[in-house]
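1. Below are the sequence and a predicted model; questions follow.
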Amino acid sequence: MARKRQRKLSKKEVKAQKKEDVKRSSEFLNTENDAQTEKVTAKSVDARPVEVSKVITVRVFSEKLGIPVTRVIAELMKNGVIASINESIDYETASIIGDELGYEIIPQKASEEKKIELTEEEKSHLVPRPPVVVVLGHVDHGKTTLLDSIRKTNIAEGESGGITQHIGAYQVRIKTKEQKNRETEEQKNKRTEKLKNKRTEEQRNKKAEKQNNERIITFLDTPGHEAFSAMRAHGANITDIAILVVAADDGVKPQTKEAISHAKAANVPIIIAINKIDKPGADPEKVKRELSDLDLVPEEWGGKTVMIPVSAKTGKNINELLDLILVVADMESLVANPHKPGEGVIIESHMQPGVGPIATVLVNDGEIKSGQIVTAGKTFGKIRFMEDYQGKRIDKAGPSTPIRIAGIHDIPKSGELISVVSDERAAKSKAAHSERKIGRFGLAEISEEAKKGTLKELNLIVRTDVQGSLEAIRNSLENLGGKEVKVNILSEAVGNVSESDVNMALASKALILGFKVLVPPQVRKLADEKEVKISLYDIIYNLIDDISAALSGMLEPEFIEEVTGKLEIIKIFFSSKNSKIAGGKVTSGKLVNGLKAHIYRAEELIGEGKITSLKLEQNPVSEVLKGFECGVGVDTNISLKPKDVIESFQTIEKVKKLK
């Protein structure tokens, strides 16, 4: 049987068939994509808030969202961020991408960030990093002298460097015992090594071994605990250990207590350096007793606080203090990944003539290199040069390393996070979305969180007029806490509310309670800018009742309408569907422009609107007092008539009190 001969298709028919094939493929792909999109969208609607750490890899982020990593990368590219599956993005970027995908992204708690599980590949890149130490304490107790003594001791031991210029941070190198024992033999061979023109493999190994036997400590030289808290307020929790300096001849002072509050709020280990033990009248035991009253009990008394007597002037026990820092650092297991794009924090910045903006950066993780593009808050730029803390030009810097960089377009703010990006387009996109919104945290918010069960610990900052009031309030507040919610007084003192209190409240999500104290104008301005709530009282039981009600989580915030004034309409000048203009006389209080309005007819409420304009004798005004006739513009769909009453009011939020 003869096979049917297949007809050869013409070019036109081939072209038409290809078009049909493409169309079918496109329809199939669109169907698949629509199904995938519907799946993601459906999941997004029911999805719970997703907790994300300050830095997260694209792969882990996609797993948390439960969507394909390709979709996350596509959204990143839409926003100008080019990142592969194993590269990291910061919280702000993750928040933007998550929002576009229909997810609510919330910051992960610090305690949970430390417990985040890493992949085996990520763990393989982790290496120990130097601890970052901040020195806090009361004025004139020897903070600066102690830092100078540490620096001089380090130089005396033969280490290179020291502070040749102030950049806000510096490093010291500590020799291990093994290295010290080898120094004599190395000095004998030094002359022979100099005669060789080329370094042998053995010599390179010796140098590497010497570096491995050295330990580095990074000291953050902040002006005080106020600056330390201000950096934390920007989200820059960069300190690993806090050294609290207390003078043995002076004891615990108000600033000592503030420094303790800031260190505890930062949740970092505290080492007590009891300074000036060489001075007459020094009483270290008295200092220990005073610190014990503040829940800092020394180890020899059965507590957990490391305390060491030192003399910054003579250098006594300075080496022992450095050893203690290393011991505490080892207990903290400080690690970082030097192979990823660098991330850090701006310590300080300024404009240098002939150079431009200069920023001091403490590298947190990864590696920052000269020539890379970085973002810092709303600004960005390409690094033109880098210097170490000694002022020497360097090409790269790893974790816990303080550096100075030039090349950023504008002066960044202290505490801003800085990170390496792939290109200028990504930098512009990230800088444009960098402004962080910090929600208000007041009594109403506490009540709401308590109702949801998300509030486990209420942080408070208490300021009172006298010591007796402080003790009474503290005792009452401590009795309010229970198993579910704990009252944690971060700081308590006699005196007015300060800017330092606002920064601490912002960094620790704390509520400021003031009893018969003042809030200076500059402090009020800062609190308003940062949206930090300050609650002031003049009756103690009102303060206790409000906190008790908020903690119970049973009372919702109450919204009260406060009437400011009333106007009786005399004549209607203009009327459209949603806008009316009338003339009338203010019969009580004052009519205020911009407020909402109730509309009454024969003493019966017939509708609402909003006052959009007020004119007194043809002149625009913001308010009109009782007894004056004026023109009023109202946005409302109610048809106004003469003798109708317009009542302006404002809504005030108030927390109900327990009865």
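-> Perfect, I can see it now.
2. residue ranges for the helices of the stretch 151-300 of the chain, please.
-> In the stretch 151-300 of the chain, the helices defined using DSSP state H, counting those that start in this stretch lie at 177-195, 201-212, 225-233, 254-265, 284-292.
3. could you give the mean pLDDT of the last one?
-> Averaged over helix 284-292, pLDDT sits at 91.
4. repeat for the fourth one
-> Summarised as a single mean, pLDDT over helix 254-265 is 79.
5. chain center to it, what's the gap?
-> 19 Å (Cα atoms, centre = their mean, to the nearest Å).
6. what's it packed up against?
-> strand 132-137, helix 225-233, strand 241-247, strand 270-275, strand 486-494, helix 499-508 (3 or more Cβ pairs under 8 Å, 6 or more residues apart in numbering; DSSP states H and E). Bear in mind the C-beta positions are built from the backbone N, C-alpha and C, glycine included.
7. who's in contact with Glu299?
-> Thr305, Val306, Met307 (Cβ atoms under 8 Å, 6 or more residues apart in numbering).
8. what about the last one, helix or strand, and which?
-> Assigned by DSSP states H and E, Met307 belongs to strand 306-309.
9. And the next helix or strand past that strand?
-> Following strand 306-309 in sequence, per DSSP H and E, is helix 318-332.
10. so how far is that following helix from its chain's centroid?
-> Offset of helix 318-332 from its chain centre (Cα atoms, centre = their mean): 27 Å.
11. Contacts for the host helix or strand of Lys428 next, please.
-> Per DSSP H and E: Lys428 is located in helix 424-432. Residues from elsewhere that reach helix 424-432, judged by Cβ under 8 Å, 6+ apart: 79-82, 90, 92-93, 373-375, 377-382, 419, 421.
12. Write the PyMOL selection for whichever of the residues you listed are buried.
-> In PyMOL, a selection of the buried entries from the contacts of helix 424-432 looks like this (16 or more other Cβ atoms under 10 Å):
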select buried, resi 79+80+81+90+92+93+373+374+375+377+378+379+380+381+419+421
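13. sorry, back to before: so for Ile411, which of the helices and strands packed on helix 254-265 sits nearest?
-> Relative to Ile411, the nearest member of these by Cβ to Cβ is helix 225-233, separated by 15.9 Å.
14. I'd like the mean pLDDT over the closest one, please.
-> pLDDT averaged over helix 225-233 gives 56.
15. One more: stretch 471-485?
-> 73.
16. quick one: terminal-to-terminal distance for stretch 50-67?
-> Using Cα to Cα, to the nearest Å, one end of stretch 50-67 lies 13 Å from the other.
17. for it, which positions count as buried?
-> 50, 52-62, 64-65, 67.
18. What of stretch 406-423?
-> 406-408, 410-422.
19. Of those, which pair is most distant in space?
-> Maximum distance among the buried residues of stretch 406-423 (Cβ to Cβ): 26.2 Å, for Ser414 and Ser422.
20. okay, now Gly398: neighbour count?
-> Burial measure for Gly398: 18 neighbouring residues, criterion other Cβ atoms under 10 Å.
21. same thing with the one 5 residues further on?
-> Taking other Cβ under 10 Å as the neighbour definition, Ile403 ends up with a count of 24.
22. and if you look at Glu104?
-> Neighbours around Glu104, by other Cβ under 10 Å: 12.
23. Assess the claim that it and Pro49 are in contact.
-> Yes: between Glu104 and Pro49 there is a contact under Cβ atoms under 8 Å: 4.4 Å.
24. follow-up on the earlier one: closest to Ser469 among the buried residues of stretch 50-67?
-> In terms of Cβ to Cβ, no member of the buried residues of stretch 50-67 lies closer to Ser469 than Lys54, at 39.3 Å.
25. what separates the closest residue to the closest one other than its chain neighbours from Ser53, distance-wise?
-> Nearest non-adjacent residue to Lys54, counting by Cβ to Cβ, 6 or more residues apart in numbering: Tyr91, 5.1 Å away. Using Cβ to Cβ, to the nearest Å, Tyr91 is found at 7 Å from Ser53.
26. can you check Val60 too?
-> Distance of Val60 to Ser53, computed by Cβ to Cβ: 9 Å.
27. cool, Ser400 as well?
-> Counting by Cβ to Cβ, the separation of Ser400 from Ser53 is 19 Å.
28. now do His141
-> 36 Å.
29. same check, this time on Asp295
-> In terms of Cβ to Cβ, Asp295 sits 30 Å off from Ser53.
30. Low-confidence ranges, the stretch 201-350 of the chain, go.
-> For the stretch 201-350 of the chain, the stretches with pLDDT under 70 are 201-213, 222-237.
31. redo that, cut-off 50
-> 204, 206-210, 235 (pLDDT under 50).
32. Strands - which of the contacts of helix 424-432 land there?
-> Asp90, Ile373, Val374, Thr375, Thr379, Phe380, Gly381, Lys382, Ser419, Val421 (DSSP state E).
33. Please identify which pair of the residues you listed lies farthest apart.
-> Taking Cβ to Cβ as the measure, the ones in strands among the contacts of helix 424-432 span a maximum distance of 19.0 Å, between Asp90 and Lys382.
34. my guess is Gly398 meets Asn337, correct?
-> No: counting by Cβ under 8 Å, Gly398 stays clear of Asn337, with 9.6 Å between them.
35. Find residues that contact each of those two.
-> Joint contacts of Gly398 and Asn337 (Cβ under 8 Å, 6+ apart) are Gly366.
36. if you skip the residues just before and after it, what's nearest to Val328?
-> Pro269 is the one closest to Val328 (Cβ to Cβ, 6+ apart), at 5.2 Å.
37. show me what contacts the one you found?
-> Asp240, Ile241, Ala242, Val306, Val328, Met331, Glu332.
38. Dihedrals phi and psi, it?
-> phi -60, psi 140 (degrees, to the nearest 10).
39. quick check: domain ranges of the protein?
-> Listed domain ranges for the chain are 46-124, 132-186+201-336, 343-432, 443-555, 561-653 (source: automatic domain parsing).
40. quick one, which of the ones you listed is packed in tightest?
-> Highest mean neighbour count of the domains of the chain: domain 343-432, a mean of 20 (counted as mean count of other Cβ atoms under 10 Å).
41. In the protein, where's the longest strand?
-> Assigned via DSSP E, the chain shows its longest strand as strand 557-575.
42. Could you list the residues in contact with whichever helix or strand comes after it?
-> Using DSSP H and E, the next helix or strand after strand 557-575 towards the C-terminus is strand 579-592. The contact list for strand 579-592 (Cβ under 8 Å, 6+ apart) reads 563-575, 609, 611-614, 622-636, 638, 640, 645-646, 648, 650.
43. Many thanks, we can stop here.
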